[in-house]
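> heads up, no residue letters with this:
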């Protein structure tokens, strides 16, 4: 019998991140080392290394939008890479007036509109100077576009921010007993409604669809300006998200308890 130590699992990653769009995670990936991309089934995966010494292995799955895709992508990532932690990371809409573009909400609970709620053991305090908030996230099936809809949703659920995927990822992690964290960056606040073209103009990677832009221009010429403003807000949100992930991912990797 050999006394050699067992070979390391080359597929294993300490931290797994589930996002909907590459735009949400691109600035973080740019700061990772040895990034590799591959397709696993219907999803795109990217793996790399981060941390002060670039020794924390992380895998990111680009799920696409919606709860069903997020759950399937999370399961595929856990099956392939057995991460100790899974982070649901990406954009969200503010439900509270004090949340600004680029602020982060770290979820201490995730719920749906019917009140089906999961609590999350978040061992960190809010930091208003950094724009870090700790509170409840609510999951919905479609983008909440208007200030009136957001205000009603906040009143009904008590949530700080809204997204489409975090609850689905949290449920899957609870089923598989995988440690979970939700970190959402505010990409639209309560200052004004999202433009009505938001669903049709933005492509799955966060790029602008030429055909949809042409249609939007024909119907409402000012819509292109609105779309570019929204994309600038998304870039701000993704940069702030990247800085947080670069800080928290190595700490999660070190937390063995």
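Thanks, I have it. It should be emphasised that the depicted structure is a prediction, and the values quoted were computed from it without experimental measurement. Residues are numbered from 1 along each chain as shown.
> If residue 135 is in a bridge, with which residues?
With DSSP bridges as the criterion, residue 135 is bridged to residue 107.
> Residue 59 too?
Applying DSSP bridges, one finds that residue 59 bridges with residue 16, residue 47.
> Distance of it relative to residue 67?
Residue 59 is 21 Å from residue 67, where distance means CB to CB, to the nearest Å. Where you see a C-beta, it was placed from the backbone N, CA and C, and this is true even at glycine.
> neighbour count winner among these two?
residue 59 (23 against 20; other CB atoms under 10 Å).
> what sits against the more buried one?
The contact partners of residue 59, taken as CB atoms under 8 Å, 6 or more residues apart in numbering, are 13, 15, 16, 17, 45, 46, 47, 77, 80, 81, 83.
> repeat that for 6 Å
13, 16, 47, 81 (CB atoms under 6 Å, 6 or more residues apart in numbering).
> Touching, residue 92 and residue 165? I think so.
No. The pair residue 92 / residue 165 is not scored as a contact, 9.7 Å apart, by CB atoms under 6 Å.
> looking at it, residue 54 is touching residue 33, isn't it?
Yes. Contact criterion CB under 6 Å: residue 54 and residue 33 qualify, at 4.2 Å.
> quick one on the thing from earlier: show me which of the contacts of residue 59 is closest to residue 122.
For residue 122, the nearest member of the contacts of residue 59 is residue 16. The distance, counting by CB to CB, is 17.8 Å.
> Which one's more surrounded, residue 54 and residue 33?
Using other CB under 10 Å as the criterion, residue 54 and residue 33 rank with residue 54 on top: 14 against 11.
> contacting residues around the more buried one?
Residue 54 neighbours (CB under 6 Å, 6+ apart): residue 33.
> quick one: which of the contacts of residue 59 is nearest residue 230?
Closest to residue 230, out of all of the contacts of residue 59 and judged by CB to CB, is residue 16, at 28.3 Å.
> Can you report how many residues neighbour that closest one?
Using other CB under 10 Å, the number of residues around residue 16 comes to 28.
> again, but for residue 130
13.
> Quick check: what element follows the helix or strand bottoming out on mean pLDDT in the chain along the chain?
Across the helices and strands of the chain, mean pLDDT, DSSP states H and E gives its lowest value to helix 210-219, namely a mean of 51. Following helix 210-219 in sequence order, the next helix or strand is helix 223-254 (DSSP states H and E).
> what helices or strands is that next one leaning on?
Counting contacts by 3 or more CB pairs under 6 Å, 6 or more residues apart in numbering; DSSP states H and E, helix 223-254 packs against helix 22-30, strand 179-188.
> Residue 36 contacts residue 49, doesn't it?
No. Between residue 36 and residue 49 there is no contact, the gap being 10.2 Å when judged by CB under 6 Å.
> Look at the two and report which has more neighbours.
Taking neighbours as other CB under 10 Å, residue 36 and residue 49 compare with residue 49 leading, 16 against 9.
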